[in-house]
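Student: Pasting a predicted model and its sequence here:
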Amino acid sequence: MIILDHNTGLITLHTRRTTYQMKADQHGVLLHTYYGSRIRGDLSRLIPYADRGFSPNPDEAAGDRTYSLDVLPQEYSGSGNGDYRLSSLALELPDGSCGADFRYTDCIIIHDKYELDGLPAFFGISDEAETLVITLEDTVAQVSVQLLYGVFEAYDLITRAVRVVNHGDRTIRILQAASLCLDLPSADLDLITFDGRHTYERVPHRAPLRPGVQSVGSLRGISSHQHNPFVVLCAPDAGEDHALCYGAMLLYSGNFQAAVERNQFDTARLTLGIHPDGFTWNLAPGETFCTPEAALICSPDGFGPMSRNFHRAIRDCLIRDPWAGRPKPVLVNSWETTYFDFDDSKLLALAKESAALGVELFVLDDGWFGHRNDDRGGLGDWWTNESKLPGGLAPFSRKLRELGMSLGLWIEPECVSEDSALYAAHPDWVLNPPGRPYVRGRDQLVLDFTRKEVRDAVFGMLRKTLDGVDLAYLKWDMNRCLTAPWSAALPPERQGEVSHRYVLGVYELLERFRKTWPNVLIEGCAGGGGRFDAGMLYYTPQIWCSDNTDAIDRLTIQYGTSFAYPPCTMGAHVASVPSCHTDRWASLAVRGTVAMSGAFGYELDLGALSPEEKAEVAQQVAEYKAVQDLIRNGDYYRLSRPDGPYTAWANVSRNQREALVSLVAGPAVAAPPFLFLKLQGLDPKLQYRINDEPELWPGDILMQAGYPLPLLREHTAIRLHLTAE
Ligand code: GLA
């Protein structure tokens, strides 16, 4: 609910459990007065005013030394106006002056959720979301900003984006435009970031805010394996089910920065948006620049409710799943079985073995096109390699159908090998500054997706190749970062726009794919989880969570990922042992348990398993099919951290009548302690049957006292299926 009080100038956004408030003051500065648990009243009364040394006073303060933008909590900070904290917007005017100083002009409510042209955004369902548009103006720059707010009451979700409009008659340059700025009255907070590397992504790191700016971000052109565009600010004592926390995510798949400043008076400011380094945008008269969308959820009761609200919002209002409402096929992916070494008979043998165990989708990974026999060549030549697949993909998909399976296919549209027909014909289509030697990643270069003709060419090849192919799924991969992006199609003064235009190009082509193949599910991937962000999820309802298929490592990776993203978005496969990534062995039960907590599949030669293992796989597949609705649409509870005696989590149905509790034991210890697993999310008044145990368990006992675990042996799995009676 959005409430505008025209008498006091108070602007209040209420969600189910939270309140967000702003107020334009006597000078038109839009103050941020409150964000936290739901309350009523004018919170501007809490804003302190004091004469602070070296905090300057704007002209309109008329000598009032207690009024300084350096001190006041603001909704969208400017720059060069006496506020030395993190700026949200920086402009360069034609005379070379830099700055941004905005004052409130008006605001309106729209009874629907705003959309952003060419950018991913949460959408409203059944009139649930409202929009607030606040306009601010910098009269010197002749620029206005529209602060957009989407209010999703039921999810405690507030989305934000900013439109910058040039009303003058000269081109100005945007040097920075954050998607959100959030001033909080106390910096006694911890910052949690989700960091890692290729094959070990999104591991939470938590530390108290220290004086100064702490930030994470990406300058790699993709959101990156190294840092995720999602951060949490929380009370020092916040945990899964207690104390205040704020989650902030950016729906963006390129360079980003999340920065938090603990300033001189121990208040905090968070900014989140496109990374300002290397970014500039020329805004001609009459033009509008739109930032990516950011999304905030405040939880008064810890991380669990915050995550579950993000999960529900992403599932209901962001993902556009062509398979929505239908059971998802369990897939087998060929990559870790065959790598590049396959032909149709090898693939069909693998498919046949898989189909016999209940697997329904066969994903043919890298190597099916051009002369792609290793990762050094062929990328960009999107026609079928008929020496591997005689007659092309159509007959192959028909043969799969005869086995009762559908076809999925790997593609990597954004990159090109120098050893390819595409590169030979268009060497100028790669992003590279003139005269600079190439910097290669996986021996490949990045295509200039800022150019429509380049996207058209790649799309044209794929459309021709996929014509008549019975296709169910595409895996859209991206296997390197951008380096020194420079486009031959843009003038020198626009080169600072390349990284953002690249992302817009990727989104445009993804949208074209969605429209051309509306029934095909696209899974995102960038060497696993190098582009696991809410921007991609708008186009690709699931993302390959990590190239690391070691089940024990996956416990940590999936745990970290779950703070923002729901299980249904995490591609998770059972792979062979010992793991090709860690050389570690894990039982099939452990591997199945871990993979089942995501978008489930296999990535191993199922034909090479023993009869007992095959029987276990068939049972896992059947079990997943029976509980997948619970896993995909239920509420997710982290029952432990991944570094204790066990890692445990639960999927609980929305009506609390069913739950799947999964646990994987940690490293062996001598004389293990007696442990009781305290469940969450159950109905305390209901009685639950656990697996086929004769005894019923009251929900309150399971949550307050816990379920007695057997003595845990290293890396063993337990799955408890609870049904209320
Ligand atoms: C990336 C992906 C893998 C696989 C290979 C194929 O690394 O993350 O899953 O598709 O590319 O080259």
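Tutor: Here it is on my side, so go on. Numbering: from 1, shown residues only.
Student: Spell out which parts of the stretch 251-400 of the chain neighbour the ligand.
Tutor: Within reach of the ligand by C-beta under 6 Å from any ligand atom, the stretch 251-400 of the chain has these residues: 335, 365, 366, 375. All C-beta atoms are positioned from the backbone trio N, CA, C, and that covers glycine.
Student: Dump those residues into CSV; add secondary structure as well.
Tutor: Converted to CSV, these look like this (DSSP: H, G, I helix; E, B strand; the rest coil):
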residue, secondary structure
335, helix
365, coil
366, coil
375, coil
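Student: Need those residues in a markdown table (columns: pLDDT and neighbour count).
Tutor: Output for these, formatted as a markdown table (pLDDT from 0 to 100; neighbours: other C-beta atoms under 10 Å):
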| residue | pLDDT | neighbour count |
| --- | --- | --- |
| 335 | 93 | 21 |
| 365 | 97 | 21 |
| 366 | 97 | 21 |
| 375 | 96 | 16 |
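Student: Tell me how far residue 641 lies from residue 191.
Tutor: Counting by C-beta to C-beta, to the nearest Å, the gap from residue 641 to residue 191 is 18 Å.
Student: Which one's more surrounded, the two?
Tutor: residue 191 (23 against 14; other C-beta atoms under 10 Å).
Student: For the more buried one, list each beta-bridge partner.
Tutor: residue 207, residue 233 (DSSP bridges).
Student: I'd say it and residue 213 touch.
Tutor: No. Contact between residue 191 and residue 213 fails when scored by C-beta atoms under 8 Å: they sit 11.0 Å apart.
Student: element containing residue 511, please.
Tutor: Assigned by DSSP states H and E, residue 511 belongs to helix 498-516.
Student: Using CSV, write out every CA atom in that helix.
Tutor: Written as CSV, here are the backbone C-alpha positions of helix 498-516 (Å, rounded to 0.1, in the frame of the first residue of the first chain):
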residue,chain,number,x,y,z
VAL,A,498,29.8,-0.8,-24.4
SER,A,499,29.5,-3.0,-21.3
HIS,A,500,26.0,-2.0,-20.6
ARG,A,501,24.9,-2.1,-24.2
TYR,A,502,26.4,-5.6,-24.3
VAL,A,503,24.1,-6.7,-21.5
LEU,A,504,21.1,-5.1,-23.2
GLY,A,505,22.1,-7.0,-26.3
VAL,A,506,22.1,-10.3,-24.5
TYR,A,507,18.7,-9.5,-23.0
GLU,A,508,17.3,-8.6,-26.4
LEU,A,509,18.5,-11.9,-27.9
LEU,A,510,17.3,-13.9,-25.0
GLU,A,511,13.9,-12.3,-25.3
ARG,A,512,13.9,-13.1,-29.0
PHE,A,513,14.7,-16.8,-28.3
ARG,A,514,11.8,-16.9,-25.8
LYS,A,515,9.4,-15.5,-28.3
THR,A,516,10.6,-17.7,-31.2
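Student: distance of the closest residue to residue 213 other than its chain neighbours from residue 710?
Tutor: Nearest non-adjacent residue to residue 213, counting by C-beta to C-beta, 6 or more residues apart in numbering: residue 261, 4.6 Å away. Distance, residue 261 to residue 710, by C-beta to C-beta: 49 Å.
Student: now do residue 666
Tutor: From residue 666 to residue 710 the distance is 14 Å (C-beta to C-beta).
Student: And those two? Which one has more around it.
Tutor: More neighbours surround residue 666 than the other of residue 666 and residue 710, with 17 against 11 (other C-beta under 10 Å).
Student: What separation is there between the nearest residue to the more buried one once chain neighbours are set aside and residue 708?
Tutor: Nearest non-adjacent residue to residue 666, counting by C-beta to C-beta, 6+ apart: residue 645, 5.1 Å away. In this view, residue 645 and residue 708 are 14 Å apart by C-beta to C-beta.
Student: Quickly list what's touching both of these two.
Tutor: Residues touching both residue 645 and residue 708 by C-beta atoms under 8 Å, 6 or more residues apart in numbering: residue 675.
Student: Flag every buried residue along stretch 25-36.
Tutor: Residues of stretch 25-36 classed as buried: 25, 27, 29, 30, 31, 32, 33, 34, 35, 36 (neighbour count, 16 or more other C-beta atoms under 10 Å).
Student: per-residue confidence at the fifth one?
Tutor: With respect to pLDDT, residue 31 scores 98.
Student: Would you mind listing what in the protein touches the ligand?
Tutor: Residues of the chain found near the ligand (C-beta under 6 Å from any ligand atom) are 335, 365, 366, 375, 410, 477, 479, 525, 527, 528, 544, 547.
Student: give me the residue from the protein nearest the ligand.
Tutor: residue 366 (3.5 Å; C-beta to the nearest ligand atom).
Student: Tell me how many other residues surround the nearest residue to residue 422 once chain neighbours are set aside.
Tutor: What sits nearest to residue 422 in space, not counting adjacent residues and going by C-beta to C-beta, 6+ apart, is residue 380, at 3.4 Å. Taking other C-beta under 10 Å as the neighbour definition, residue 380 ends up with a count of 31.
Student: going forward can the numbers begin at 25, since that is how I track them
Tutor: Okay, residue one is now 25; in that scheme the one you just asked about reads as residue 404.
Student: Not counting stretch 435-443 itself, show me its contacts.
Tutor: Residues from elsewhere that reach stretch 435-443 (C-beta under 8 Å, 6+ apart): 390, 396, 400-404, 406, 446-447, 453-454, 462, 467-471, 473, 482-483, 486, 498-504, 530, 533.
Student: which among the residues you listed end up buried?
Tutor: Looks like those have 390, 396, 401-404, 406, 446-447, 453-454, 467-471, 473, 482-483, 486, 498-504, 530, 533 buried, using 16+ other C-beta under 10 Å.
Student: from those, which ones fall inside strands?
Tutor: If you go by DSSP state E, these have 468, 469, 470, 498, 499, 500 in strands.
Student: Now render those residues as a markdown table, adding pLDDT and distance to residue 276.
Tutor: Output for those, formatted as a markdown table (pLDDT from 0 to 100; distance: C-beta to C-beta, whole Å):
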| residue | pLDDT | distance to residue 276 |
| --- | --- | --- |
| 468 | 98 | 23 |
| 469 | 98 | 23 |
| 470 | 98 | 18 |
| 498 | 98 | 22 |
| 499 | 98 | 21 |
| 500 | 98 | 17 |
